[in-house]
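K.L.:
Following is a predicted model, sequence given first.
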Amino acid sequence: MADTPPTPYDSLFKELMGNQENAVAELRSQLSEAAAARIDWGWLKPYPGSFVRPDLRQRHTDLMLETRLIDGNEAFLYCLVEHQSSPDPMMPYRLEEYRLRFWSAWLKRHPDAEKLPMVIPLVMHCSPEGRRWNVPQDLADLIDLDERTRVALGELVPRSRYLLDDVNRLDEPAMLALPQPPELRVLKVLLRFGPRNPDLIGLLTQDYGPDLHKSFNATGGEQRFEYVMEYILFVTAHSIGKGDLQPIYELLGPRAKEIAVTLAEKYVAEGEARGEARGEARGRAQTLLEQLRAKFRSVPADVINAVNSADITQLRTWTERVLTADTLEGVFS
């Protein structure tokens, strides 16, 4: 997959879920006891790459984890967080698409393979609006068939299920009571209650103060705290001032203040630069769409969305390809 600049959602999720303790706790809590017993959890580690389509990265963030089964075979656990208000009804299809992209990349590294490694998908749903997950969890449920035909076709109807952690099923007391590592609870409360929440700092330092304190003082905690602060600055859209961060400094100490102040200054400078880049990207995206319509007449909605959400580097690549490509696929391959 082409590299695109990570969002604070991406960075926070991948950094905190990339911590082995957090990943093991999350995945074990969703698997059956028998399934969890077949996995060698000591091998669990992040696997590089993202398999989400560029036009869906505003709502999906993914992390592939590599491990071993107790028989020694390689296996993967694919974690995807949905952080938009309405659940994606096509999620079974999306996950199967991402899994196929992963297998395709894996086969390029293992061209002589005769079997594929197991990939177990997990969706974590964190909607700021509190929407519950109410869409299918099996690819078979997306196939448009009447019941008699479905029964007649039997095993020919494709099936592919995923695990689901619907964080929105929990209120704050229930989230606090989760038997999980403190840092994992901090991650979930940030994803669930963070966006556009002017009371986020109070929620973190009061209700989740002990969790945040333990997370910050754990091995590697200061580094991961940088991602927590970057996410807070991003989702509150500058509505939090320096004075609002004082409870964090009082809870975590001078080192946390140093990290937070440095990030705040950097975030403001980068925000100004991003604003300029977005202006250039919007202009280039408009030009590219005009070129596509002139050359190919019809431009599908998913292509329009991909162009409008792409960064300036990707737009430059596609603009160059328009000149020589004979098909739309040739531009975006």
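P.N.:
Yep, it's here.
K.L.:
The helix or strand of the chain with the lowest mean pLDDT packs against which elements?
P.N.:
Least confident helix or strand of the chain, by mean pLDDT, DSSP states H and E, is helix 254-296 with a mean of 76. Contacts defined by 3 or more Cβ pairs under 8 Å, 6 or more residues apart in numbering; DSSP states H and E place helix 254-296 against helix 221-235, helix 246-252, helix 301-309, helix 312-322, helix 328-332. Yep, even glycine has a C-beta here, placed from its N, CA and C like the rest.
K.L.:
Make JSON lines out of the ones you listed and add distance to L204, mean neighbour count and mean pLDDT.
P.N.:
As requested, the helices and strands packed on helix 254-296 are exported to JSON lines (distance: least, Cβ to Cβ, whole Å; neighbours: other Cβ atoms under 10 Å; pLDDT from 0 to 100):
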{"stretch": "helix 221-235", "distance to L204": "8", "mean neighbour count": "21", "mean pLDDT": "89"}
{"stretch": "helix 246-252", "distance to L204": "7", "mean neighbour count": "17", "mean pLDDT": "90"}
{"stretch": "helix 301-309", "distance to L204": "30", "mean neighbour count": "16", "mean pLDDT": "80"}
{"stretch": "helix 312-322", "distance to L204": "34", "mean neighbour count": "16", "mean pLDDT": "83"}
{"stretch": "helix 328-332", "distance to L204": "41", "mean neighbour count": "15", "mean pLDDT": "81"}
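K.L.:
Rebuild these as JSON lines, extending it with distance to D138.
P.N.:
JSON lines is the format used below for the helices and strands packed on helix 254-296 (distance: least, Cβ to Cβ, whole Å):
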{"stretch": "helix 221-235", "distance to D138": "32"}
{"stretch": "helix 246-252", "distance to D138": "43"}
{"stretch": "helix 301-309", "distance to D138": "24"}
{"stretch": "helix 312-322", "distance to D138": "34"}
{"stretch": "helix 328-332", "distance to D138": "30"}
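K.L.:
how about stretch 171-178: buried residues?
P.N.:
For stretch 171-178, the neighbour count (16 or more other Cβ atoms under 10 Å) marks M175 as buried.
K.L.:
er, stretch 64-82 actually
P.N.:
For stretch 64-82, by 16+ other Cβ under 10 Å, it's 64-65, 67, 75-82.
K.L.:
now do stretch 52-61
P.N.:
Buried residues in stretch 52-61, counted by 16+ other Cβ under 10 Å: 52-57, 59-61.
K.L.:
Now the two most distant members of those.
P.N.:
D55 and T61 (14.0 Å; Cβ to Cβ).
K.L.:
Run through the residues that contact the residue nearest in space to the middle of the chain.
P.N.:
Within the chain, one residue has its C-alpha closest to the average C-alpha position: by Cα atoms, centre = their mean, that is T61, at 1.4 Å. Applying Cβ atoms under 8 Å, 6 or more residues apart in numbering, we find T61 in contact with 7, 9-10, 13-14, 52, 80-81, 83.
K.L.:
just curious, which of the residues you listed is nearest to L292?
P.N.:
Closest to L292, out of all of the contacts of T61 and judged by Cβ to Cβ, is V52, at 22.7 Å.
K.L.:
How is the closest one assigned, secondary-structure-wise?
P.N.:
coil (DSSP: H, G, I helix; E, B strand; the rest coil).
K.L.:
Help me confirm that it comes into contact with D62.
P.N.:
Yes. Contact status for V52 versus D62: in contact at 5.1 Å, counting by Cβ atoms under 8 Å.
K.L.:
looking at this, P195 is in a strand?
P.N.:
No. Going by three-state DSSP, the assignment for P195 is coil, not a strand.
K.L.:
P48 versus that one, what's the distance?
P.N.:
P195 sits at a distance of 28 Å from P48 (criterion: Cβ to Cβ, to the nearest Å).
K.L.:
more neighbours, these two?
P.N.:
Legend: neighbour count by other Cβ atoms under 10 Å for P195 and P48, higher for P195 (21 against 7).
K.L.:
Next one: the more buried one, what pLDDT does it get?
P.N.:
On the pLDDT scale, P195 is placed at 81.
K.L.:
Next up, the contacts around it.
P.N.:
With contact taken as Cβ under 8 Å, 6+ apart, P195 is in contact with 83, 128, 235.
K.L.:
Can you tell me, leaving aside adjacent residues, what's nearest to the first one?
P.N.:
Closest residue in space to H83, ignoring its immediate chain neighbours: C126 at 5.3 Å, by Cβ to Cβ, 6 or more residues apart in numbering.
K.L.:
Then the second one?
P.N.:
Nearest non-adjacent residue to P128, counting by Cβ to Cβ, 6+ apart: P195, 4.3 Å away.
K.L.:
Now do the phi/psi pair for that neighbour.
P.N.:
Torsion angles at P195 (phi, psi; degrees, to the nearest 10) stand at phi -60, psi 130.
K.L.:
how far away is it from G221?
P.N.:
23 Å.
K.L.:
With V135 instead?
P.N.:
Distance from V135 to G221, by Cβ to Cβ: 36 Å.
K.L.:
Same question for G209.
P.N.:
14 Å.
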